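Colleague: Model the following, please.
(chains A and B)
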Amino acid sequence: MTFTPRPTQAEILKYSGGTMGISAVPGSGKTHTLSALAAKLVEKNTLKLHQRSELEKFEQEVLIVTFSNSAVANFASRIAGFLSENGMVPGIGYRVRTLHGMAVDIIRGRAESFGIDPDFVILDEIACETLLIRAVDLWLDKDSHSTFEAFVDPTISKNQKEKYYTDKWRQDIINISKNVISQAKDYMLLPEKIRQAIPSDGVSGSFRILAAICDIYESYQSMLKAYPALDYADLMYHAFDILQNDPAYLDFLQDRWPIILEDEAQDSSLIQEEILRLMTRKHVNWVRVGDPNQAINETFTTADPKYLKNFLKEAQKTVDLFNSGRSSVSVLRQANRLIQWTSQFHPSSPCRTALVEPYIKTTPKDDPQHNPPDDPNRIFYDPRNYEPAEEVEKISKLAYEHIQKHPEETLAILTPSNDFGTQFVSELEKYPVDVIEILKSNRKTRNTADYLAKILTWLSRPLNQKIWLDLFEMLFHHHAENDFYLSPDHCKIARDRLLSIQNVEDFLFPLSEEKFRSELSGWNDPEIVMQTFFSFRFLLKRWLDARFLKIDQLILLIAQDLFTSSDDLSISNQFGRILAQMVRTDPSLRLNALAEKLRETAANSSLHPGLQSKDSQFDPELYRGKIIVITYHGAKGLEWDQVFLTSCNNYDFPSGTLDLLKNSGNQRKKTARPFYIRNNLDLQAEALQQLETISFPEQRLVYIEGEGSQKAYNNAASERLRLLFVGITRAKKGLHVSWNTGRFGKQSEAIATVTLRKKQNEARS
Amino acid sequence: MIQLTTIQEELVNLPLNQKIYAEGKFGCGKTTAAIARLSRILENVALGSEILTFIPNRTLAKPYQEAFSSRGVKPQIQTYNGFIQRSLQLFWPIISEKAGFASPEKPPYFLTIETAQILMARLIESKLEQGFFNALKVPSSRIYNQIMISMHKAAAAEFPFQDYAERMKKSWTGEKSLLQIFDQTQECGELFKKICYQHNLLDYSIQVEVFQQYLLPLKRYQKWLEDSYHHFIYDNVEEDTPAAHHFARVLLTHCQSALIITDHLGGFRSFLGGDPSSAAELKTMCDRQIVFEETLICSDSIQSMAMCVENPFIAQKELPGDPKTAYTFHPYHQYPAMIKQAAADVADLIHRQNVLPSDIVIIAPLVSDVLYTSMERELRIQNIPCFIYRPSRPLIGENASKSILTVIALIHPEWGIHPRLLDIVQMLQTIIPELDPIRGHVLVARAFKEIVNDVQEAVDYEIKPYSQIPSDSQKRIPASIGLLFDTFRQWILTNKRIEETPDISLSRFFHTILTKKGFAASSDRSEELNLGIKKVIESLKKFRTILEQVDADLLSWKDYFRLVHEGMIAAQYYEDWFLQPENSVLISLASAYAVMNRPVSYQIWLNAGSPRWWERIYGQITNDMVLSKSWQDGDQWDIQKEYETNNESMIRQILALLSRCRKQVRVYASELSESGQDQKSRLLYLFADLAYRFGRNKGATEYFTGNLIQGMTSDEFYPGINDTDWSFKEKTEEEIQGDDSNQFIMEEDGR
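Modeller: Reported below is the predicted structural model:
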């Protein structure tokens, strides 16, 4: 793994201690540089300790924290590569973790002293939501209509009100609670603390929505405790709590991890930043790398790029990784124009901080990673006002034709939502091309689930011949490409043969093995078919033997028989874990019910961390000549030769305050801002604003109704500008931008893409 | 006749009135020497009944039993606990009233860990409802168990349980809100003790307390000891408790001769109160010390590896062999790949290198069902049988005992345990070995019908005879199985809601049904079932004895079955590993193997990346160290102590494993755990350390600096940022569409 660093990268590799902030533009090789730095530090530290025979410090590790599991795998393999090359033992002297993984390590080390089972269960989102729904229902019973009445738009008719209450209110409160509770944990606020801090006019007065959520939060927490389990936000909460309250442990960890390298630092939240601050307080060796322009998780999580921005100001050393060899000059031009226009000319002033310098610079002439050859014609902004279905049709066709013409290239269609992505997937079925879908639930996850679900169903009803035959076809169909697979003709022969077997036990457990063998010899089926029968029989008998095991253990065993790829195994592991949680919540669940649950889970796999195969290192380079359909969010960290950015309208990419004032009727309506609420209030934003007011009393914030909604809207508009930036910088050679008029035909082209389009046309002319 | 080594000879031939303290590592021949000395005592000066042999647990009794039985002598091989139970029974009338039992005229009843847990669960039910232990995020079955263990440890370390909460609180450095759990533990423990004293029930802690306070000081008892026992042998003393050591000191003063044997690397029962440092104090009471230094088991390379682990600074020239050849290390990313390869390597040892299966042990820090099932399966493919040893598994976790409990559930639906149809299939397959899973499914699906008894609020099954199930299904099941099924069915019907206790029913079931031809106990592969039945019957019997002593509203069979189904920790009834078939590979927990006296040539260490190699057995309220005799008042249990303790116990365990290995250790690690999570253990660092010391080039190479390109030509630029004028002329749509160079404009596009 030869690595020839550029001067800016070399500057980073000189690091030997202190705080260092790195602002890295997309495609600047930050992961590789950071991995090389980690390997260098590990080697230096290990050898130093050995030379001095300081074996008690041998466990010192360079801690590398990042945002996603895929990044962890990526870092781990790169660092291992660098170390093995130099005769070091890979895996020793460093630890790569997601921030949540780091929190698990911290908690596990002292769980016992803080009342937590070291084998604690981390509930996935579905299970958490089940508990949250119960908590919300308890609250709704108690609250009756009163909170709803306090916020509903008084101009709405009584009948309509009732309809909204029945159809919408519950779901909206669930969504709002989910995000507010998560933010409260980020601020280290437990329900009691919130209740104490709410001004005395709380219930009837201005903090009413927060007071309501506080009730829900309280019952949700007691349900988690009864489980007993932690949710994802609890991990950070407990890790911080333990570090704060156990100075000896903190000191121990500070020595165990004397250097911390943090990637994707723009996605850190307050509590994550506080944890890392505590851990680096003793040795003050902290390297933070990120791109504030790629902070696109604020809306879904408690992340905020301001922490990285502040760090970049305070760090002892800062380095800008501004060279990028990923994209052609024309693509980079679009990205830089977007930064420049946003920061200087965006019509809504709060949005002008959405994107910041450094601009992206091309790579030097003798750099090993040249920018791809430039072809300005491969940048195209389609000005036409398509209806959504038209846009899907048009772009699908263009994508197909492009890949026909350039089968050597990689290509992706980026969509703002999973649903819109699904429409592309259906449309692309018309074309003879492989489509790889990396959406809410991808085919791979569904296939894995389907395999496992079919087996569970059969184990629960082993006498059903149809299920049995389905199972056979699934296992040995030529699409399955297992060790043995059958051609369609052979499959038919096999199916007919199996159909002729009256009872499954005669095949699996013949009363006389001898008779069975002689019967088999009379079948005269092709050798491959016979082989398949033996394999099928062998597997079924093994699974039958294992069916008394606990569900997670059963799934793991089946998966180990079926799959060899790490993706499949890891997804199966996750399924096993999720089903075991379900059984724990409802011990009456039987295998067939679990099979159904498995399918449901697969259909909503985005809710389960670890169920996405992308998380197991999706490599776009493996998909040349195929079409990838992916969301803008999912595309972060990936790159393709040709990228289609779709739906660039002012619903998905709003322009901020200006839209709100001019044209509020057409604006993006997030679920968190129910349209039946008075004064255009975003209840979630209002609750978050209230939470912020009480969390930072030293700032003497005053809550004014409506300000939170306004701020949330600006933040969302800013984040969407960064999302567009992420979209643009995914392209290596070609970029195609289009938009649609939305479901009701009222949306217009996003202001940012209008500007970029005009600039591009002007330059071209 | 075994040829003894010089040091063994020396020990055997020391005068028969000496008190000897023999120490050394495992595998140096200490027990063999002790048995030879025992023979000499028997041949020369004493009767078998005059020799008291103490061992910390029954697994260690076997070599002594064999030595006694070969001479036709009645053995006196006891654990401390077994001995004091016998003493308490003998002297009960003298001490019971003084000790404060409510009915001194009635006999004592000894609680097992199971019966104690059931009683505890019942007694503290209302306390849990009040919110006791809410601060702990652990299942309640673990709470019952932990309260019991905390009482045991206090008794074992000889401090009054009344001091428990104070001791724990003083040592605590964790979350302050958890301090209340120690008071709650003490309150629950005291309530439990109170009820026990009212009903003459003695759990382990009460047995020890009463023995120490009321029986041991009695002159009469000491006289009895002096008259009865003249020679005392105490093996593996380091695994026993300070209370046992206290008693040993008394015996040392009374006996003519004594032999105390301690293993340097022992101390694996600290979770049960075992205390090597208190054991070491016995040395001062002995006339003579002998140190066994030479291993009779380990090869030079294994010895060298052990020396390197023990002393990281040891020079290579001091080693008797090459530590590198003592082990091989096999890292994997995925867990299944690791299992597969380990199994393939075991097969290679057996099939190609002619190693006996019994000369291999597979060790893991945690033996889950997945590990066992997948390993067992991989070995089965290679035609290699294996045997698993997992002590203290819940009854409900074992196939045989679970099936037997299902039988009880079927005759007693009123006890509220409603087996699933799948459980019934499992039970039928266990008791009728000829029944396969599919026919079992057919049979259960057709013969069993659920009926709800509203009056008793119980769910029951109506069971049809074989002859009455639909004829198409009947045809699928051989009549021979139908006959067996009907026999079983008839027994269930006859015994439904029977008044007798379930241990008696089960015993009858075994003798009248299971031993019949066609049923499991009559087949030649019935060990597992027989053992399961023994365990369940013994468990039921113990509970029944207690049930007979207490009021019906205090405990019932319902409580028993509820706790069993909640996965209550089982008492250790039989030492299963004696049952290991000769030609099989043993699969064992690392900690369990480390206390077995059963060396092998090859050890397979699985899952070296698991933190379980390092962590203590979990328990906030039962901290081994704080509840030990050596804990100093005012000390605090913080991360430093925890780290040191974990480190020390891991090293001890590794050395204990190595001392039981003749030729080679094969270490397998996977980066991902069984459930796909990243994992890393301290053990990996140990192997990395060995690799650096003995296998790697230490030369530092700056591989980055050499590659730095300092003087790159600076021709890079920022595309697009010179676009200062953002007020541009709008290009019309027509203009764009007219642009031929744009490859994305489609000719057929209608616009």
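Colleague: Compute the number of surrounding residues for the one residue in the stretch 551-700 of chain A that gets nearest to chain B.
Modeller: Of all residues in the stretch 551-700 of chain A, A:Asn573 sits closest to chain B, at 3.6 Å by CB to the nearest CB. Every C-beta, even on glycine, is put in place using the N, C-alpha and C of the backbone. Number of residues near A:Asn573 (other CB atoms under 10 Å in any protein chain shown) recorded here: 23.
Colleague: So which residues on the stretch 1-150 of chain B come close to chain A?
Modeller: Proximity of the stretch 1-150 of chain B to chain A, by CB under 8 Å from any CB of the partner chain, involves residues B:134-139.
Colleague: could you flag which of the residues you listed are buried?
Modeller: B:134-138 (16 or more other CB atoms under 10 Å in any protein chain shown).
Colleague: Of all those, the one with the weakest confidence?
Modeller: Least confident entry in these, by pLDDT: B:Lys137, with 69.
Colleague: close enough to count as contact, the residue of the stretch 551-700 of chain A closest to chain B and A:Gln560?
Modeller: No. Using CB atoms under 8 Å, A:Asn573 is not in contact with A:Gln560; the gap is 10.0 Å.
Colleague: quick one: B:Thr112 and B:Lys542 touch, right?
Modeller: Yes. Judged on CB under 8 Å, B:Thr112 makes contact with B:Lys542 at a distance of 4.9 Å.
Colleague: Can you name the residues that contact the residue in chain A that chain B sits nearest to?
Modeller: Across chain A, the shortest distance to chain B (CB to the nearest CB) belongs to A:Ser113, at 2.6 Å. Residues in contact with A:Ser113, defined by CB atoms under 8 Å, 6 or more residues apart in numbering or on different chains, are A:242, A:246, B:172-175, B:178, B:620, B:637.
Colleague: Okay, buried residues for the helix or strand hosting B:Phe83 please.
Modeller: Element membership for B:Phe83 (DSSP states H and E) is helix B:80-99. Under the neighbour-count criterion of 16+ other CB under 10 Å, helix B:80-99 has B:80-81, B:83-85, B:87-88, B:91-92, B:95-96, B:99 buried.
Colleague: farthest-separated two in those residues?
Modeller: Within the buried residues of helix B:80-99, two members stand farthest from each other by CB to CB: B:Tyr80 and B:Ser96, at 20.7 Å.
Colleague: Heading C-terminal from the longest strand along chain A, find the next helix or strand.
Modeller: The longest strand of chain A (DSSP state E) is strand A:731-740. Note on strand A:731-740: by DSSP H and E, the next helix or strand toward the C-terminus is helix A:751-764.
Colleague: what's the weakest-modelled helix or strand in the chain?
Modeller: Unless you meant another one, I'm taking chain A. When the helices and strands of chain A are scored by mean pLDDT, DSSP states H and E, helix A:657-663 comes last with a mean of 46.
Colleague: switch to chain B, that's the one I care about
Modeller: Least confident helix or strand, chain B: helix B:733-737 with a mean of 35, by mean pLDDT, DSSP H and E.
Colleague: name the element the residue of the stretch 201-350 of chain B found nearest chain A belongs to?
Modeller: Per CB to the nearest CB, B:Pro336 is where the stretch 201-350 of chain B lies closest to chain A, at 4.5 Å. Taking DSSP H and E as the criterion, B:Pro336 maps to helix B:335-351.
Colleague: by contact count, what packs against that helix?
Modeller: strand B:327-332, strand B:360-364, helix B:369-381, strand B:600-605, strand B:661-670 (3 or more CB pairs under 8 Å, 6 or more residues apart in numbering or on different chains; DSSP states H and E).
Colleague: quick one, which of the ones you listed is nearest to B:Thr501?
Modeller: helix B:369-381 (31.7 Å).
Colleague: count of residues packed around A:Glu686?
Modeller: Other residues near A:Glu686 come to 28 when the count uses other CB under 10 Å.
Colleague: same thing with B:Gly720?
Modeller: If we define neighbours as other CB under 10 Å, then B:Gly720 has 25 of them.
Colleague: how about it, what does it touch?
Modeller: B:Gly720 neighbours (CB under 8 Å, 6+ apart): A:332-337, A:340, A:359.
Colleague: give me that answer again for 6 Å
Modeller: A:333, A:336-337 (CB atoms under 6 Å, 6 or more residues apart in numbering or on different chains).
Colleague: what's the answer for B:Val536, then?
Modeller: B:401, B:404.
Colleague: at 7 Å what do you get?
Modeller: Each residue near B:Val536 by CB atoms under 7 Å, 6 or more residues apart in numbering or on different chains is listed here: B:395, B:401, B:404-405, B:506.
Colleague: Mind checking which of those residues are in strands?
Modeller: Checked against DSSP E, these include nothing in strands.
Colleague: Ramachandran coordinates for residue 463?
Modeller: Went with chain A since none was named. phi -90, psi -10 (degrees, to the nearest 10).
Colleague: try again with chain B
Modeller: Per degrees, to the nearest 10, the backbone of B:Ile463 is at phi -120, psi 120.
Colleague: and the stretch 151-300 of chain A, which of its residues are near chain B?
Modeller: A:225, A:228, A:245-246, A:248-249, A:252 (CB under 7 Å from any CB of the partner chain).
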